[in-house]
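Undergrad: Give me the fold of what follows.
(one chain, ligands or ions: 1)
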Amino acid sequence: MTSSATCPHIPYPAPRDNPLDPPGALSGLSGELAKAVLWDGSEAWIVTSHALTRTLLKDRRLSSNPASPGFPMMTAASKVLRNEPRSASFIRMDQPEHAHLRTMLSNRFRPVDAEALRGVVGDLVDQRLDALDGATEADLVPAVASPLPASVIAKVLGIAEEDQEFFEDRSARLIDRNRTMDEVRAAREELDAFLDGEVEKRITEPREDLISAIVHEQMLPGHIERQDVVPMCRLVLVAGHGTTASQLALSLMSVLDDAPTRAAVRAGGSGLVAVVDELLRFHTIVQFGLTRAALEDIDVDGTTIKAGEGVVFAIGAGNRDEDVFAGPDALDPDRDARRHLAFGHGAHQCLGQWLAKVEVEECLHRFVSRFPEATLATPASELSFRHTASSYGLDALPVRLQPS
Ligand code: HEM
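TA: Alright, predicted model coming up:
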């Protein structure tokens with residue numbers, strides 16, 4: 001039995017020893033529950049095992065609502081959310097409100113919906129790659145990884161291309177641990193004002209886009225209040241591109257750095273689908289994990305997570321659990337990584353996962369087909385990794401597109 005006083009205590013988020021592995025402080029905790037000591041000295045339970053993560057993320061006694069007592073606050077700015085619950089989106093709600101709102105979107109993000117967008121996504125990738133034709137060098141972060149998911153989610157929501165720079169910038173501010181509470185609040189207010197304007201336009205001028213569908217199928221018939229529509233759109237917008245941009249940057253890096261991964265991507269088909277799952281597992285870009293608070297006492301093999309205590313799921317560590325993934329620290333394109341935790345698990349499991357996978361598959365495959373001889377211009381170990389952003393990624397990915 002582990003007690004809160006005797007179990008290991010580790011500072012969290014802990015620094016990484018190697019940019020491509022989760023913090024060393026997390027390895028070796030195995031199946032045990034440990035305690036994380038957060039930036040403000042508060043404590044939360046930390047879960048690193050794959051099995052326990054899957055069990056507890058399905059447990060309804062754990063709340064996603066930051067207003068729940070003991071909810072782990074990973075940054076000073078995240079207190080903005082707790083103090084202003086009206087602006088919360090459903091990622092931060094519990095049942096039944098969560099299911100009520102998520103269901104309104106779930107039939108637009110099924111595998112079949114993502115497949116239907118594959119052609120559009122492929123065209124958007126090609127536009128980005130066309131712009132590189134003739135170049136010998138490029139930085140793939142601003143050229144491909146960042147703008148591509150922003151264009152895809154803008155297309156889904158129906159937001160004009162000229163607004164892309166604005167929403168990319170404000171969304172990035174929302175998820176940067178280095179931003180102050182005031183900066184985060186300002187970014188959110190500007191984003192919300194913009195989205196409210198988009199909602200207003202759709203009331204009288206519906207189009208073939210997600211905002212119009214929410215307005216006409218849900219809001220106007222009275223299934224959702226207008227003040228909940230903007231946070232819903234903000235969630236799709238923000239969750240939909242920063243994450244995927246980070247995943248694309250790291251995946252492109254791995255493809256360029258690892259010949260077997262590149263070969264699997266180039267071959268396409270089921271091997272491409274499998275390698276994308278492995279890249280999701282290996283990089284686990286939601287680097288600080290998922291947060292919950294216990295609403296009731298929960299017994300875990302004799303240890304009690306008490307009501308009012310916080311829990312952090314370090315999914316990056318869970319994705320390196322050797323009980324599930326043999327040789328977990330290796331990127332292995334032949335691995336069956338489908339049980340990875342990169343999209344979470346349970347009621348809040350990523351709504352956009354099928355779309356995200358289509359984006360990564362199309363982008364990687366088209367890139368290596370178009371630029372088969374591209375190489376990294378800077379060794380992977382010397383790249384600038386985003387250690388403070390909640391989506392782990394790269395500041396830049398300089399590449400040589402053609403042999404010199
Ligand atoms: C939720 C990861 C792309 C929309 C989540 C969660 C994770 C995640 C870990 C669970 C959060 C929790 O349990 O607290 C990722 C990763 C992505 C990605 C790694 C890219 C590689 C997308 C895209 C969309 C999206 C493209 C577009 C719509 C959402 C939404 C939720 C969510 C709406 C909230 C679901 C809910 O609370 O029911 N994502 N995501 N994500 N994601 Fe993603």
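
Undergrad: Would you state the strands of the stretch 201-350 of the chain in chain order?
TA: Listed in chain order, the strands of the stretch 201-350 of the chain (DSSP state E, counting those that start in this stretch) span residues 290-294, 298-300, 303-305, 310-313.

Undergrad: mind checking how far the last one is from the chain centre?
TA: Put plainly, it is strand 310-313. 17 Å (CA atoms, centre = their mean, to the nearest Å).

Undergrad: can you check the first one too?
TA: Here strand 290-294 shows a centroid-to-chain-centroid distance of 17 Å under the convention CA atoms, centre = their mean.

Undergrad: do the same with stretch 325-345
TA: Per CA atoms, centre = their mean, the centroid offset for stretch 325-345 relative to its chain is 16 Å.

Undergrad: Repeat that for stretch 226-236.
TA: Worked out by CA atoms, centre = their mean, stretch 226-236 lies 18 Å from the chain centre.

Undergrad: Run the contact check for that stretch versus the ligand.
TA: Yes. Using CB under 6 Å from any ligand atom, we find that stretch 226-236 touches the ligand at 235-236. Where C-beta positions appear, they are placed from N, C-alpha and C, glycine not excepted.

Undergrad: For that stretch, give me every contacting residue.
TA: 86-91, 101, 104-105, 153, 156-157, 188, 191-192, 195-196, 198-199, 210-211, 214-215, 218-219, 224, 351-352 (CB atoms under 8 Å, 6 or more residues apart in numbering).

Undergrad: for stretch 203-219, same thing?
TA: 104-105, 108, 156-159, 195, 198-199, 202, 220, 223-226, 229, 232-233, 236.

Undergrad: interface residues of the stretch 151-300 of the chain facing the ligand?
TA: Going by CB under 6 Å from any ligand atom, the residues of the stretch 151-300 of the chain near the ligand are 235-236, 239-240, 243-244, 247, 285-286, 290.

Undergrad: now with 5 Å?
TA: 235-236, 239-240, 243-244, 247, 286, 290 (CB under 5 Å from any ligand atom).

Undergrad: repeat for the stretch 301-404 of the chain
TA: So the stretch 301-404 of the chain meets the ligand at 342-344, 348, 350-352, 355-356 (CB under 5 Å from any ligand atom).

Undergrad: any idea which of those is the one closest to the ligand?
TA: Within those, the smallest distance to the ligand is 2.0 Å, found for Gly352 (CB to the nearest ligand atom).

Undergrad: quick one: contacts for the nearest residue to that closest one once chain neighbours are set aside?
TA: Distance criterion CB to CB, 6 or more residues apart in numbering; nearest residue to Gly352, sequence neighbours excluded, is Gly240 at 5.3 Å. By CB under 8 Å, 6+ apart, the residues touching Gly240 are 149, 152-153, 156, 352, 355.

Undergrad: circling back to that earlier point, looking at the strands of the stretch 201-350 of the chain, which one is packed in the most?
TA: Highest mean neighbour count of the strands of the stretch 201-350 of the chain: strand 310-313, a mean of 26 (counted as mean count of other CB atoms under 10 Å).

Undergrad: Give the other helices and strands that it contacts.
TA: Judged by 3 or more CB pairs under 8 Å, 6 or more residues apart in numbering; DSSP states H and E, the packing partners of strand 310-313 are strand 43-47, helix 50-57, strand 290-294.

Undergrad: That strand pairs with which strands, parallel or anti?
TA: Strand 310-313 has the following sheet partners, assigned by DSSP bridges: strand 43-47 (parallel), strand 290-294 (antiparallel).

Undergrad: longest helix of this structure?
TA: helix 226-257 (DSSP state H).

Undergrad: Work out the gap between that helix and the centre of the chain.
TA: The mean C-alpha position of helix 226-257 is separated from the chain mean by 6 Å, CA atoms, centre = their mean.

Undergrad: Ser106 reaches Leu351, doesn't it?
TA: Yes. In this structure, Ser106 is within contact of Leu351 by CB atoms under 8 Å, at 6.7 Å.

Undergrad: Those two: which has the busier surroundings?
TA: Ranked by neighbour count (other CB atoms under 10 Å), Ser106 and Leu351 place Leu351 first, with 21 against 12.

Undergrad: residue contacts, that one?
TA: 102, 105-106, 109, 236, 239.

Undergrad: mind listing the helices for the stretch 301-404 of the chain?
TA: Using DSSP state H, counting those that start in this stretch, the helices of the stretch 301-404 of the chain run over residues 315-318, 353-370.

Undergrad: For the stretch 1-150 of the chain, which segments are assigned as helices?
TA: 50-57, 79-83, 97-106, 111-116, 118-130, 140, 147-157.

Undergrad: what helix or strand does Asp182 sit in?
TA: helix 181-204 (DSSP states H and E).

Undergrad: tell me the mean pLDDT for that helix?
TA: The pLDDT scores in helix 181-204 average 92.

Undergrad: Can you list the buried residues in that helix?
TA: Across helix 181-204, burial judged by 16 or more other CB atoms under 10 Å covers 184-185, 187-188, 191-192, 194-195, 198-199, 202.

Undergrad: re earlier: in a markdown table: the helices and strands packed on strand 310-313, plus mean pLDDT.
TA: Below are those laid out as a markdown table (pLDDT from 0 to 100):
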| stretch | mean pLDDT |
| --- | --- |
| strand 43-47 | 97 |
| helix 50-57 | 97 |
| strand 290-294 | 98 |
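
Undergrad: Fine by me, thanks again.
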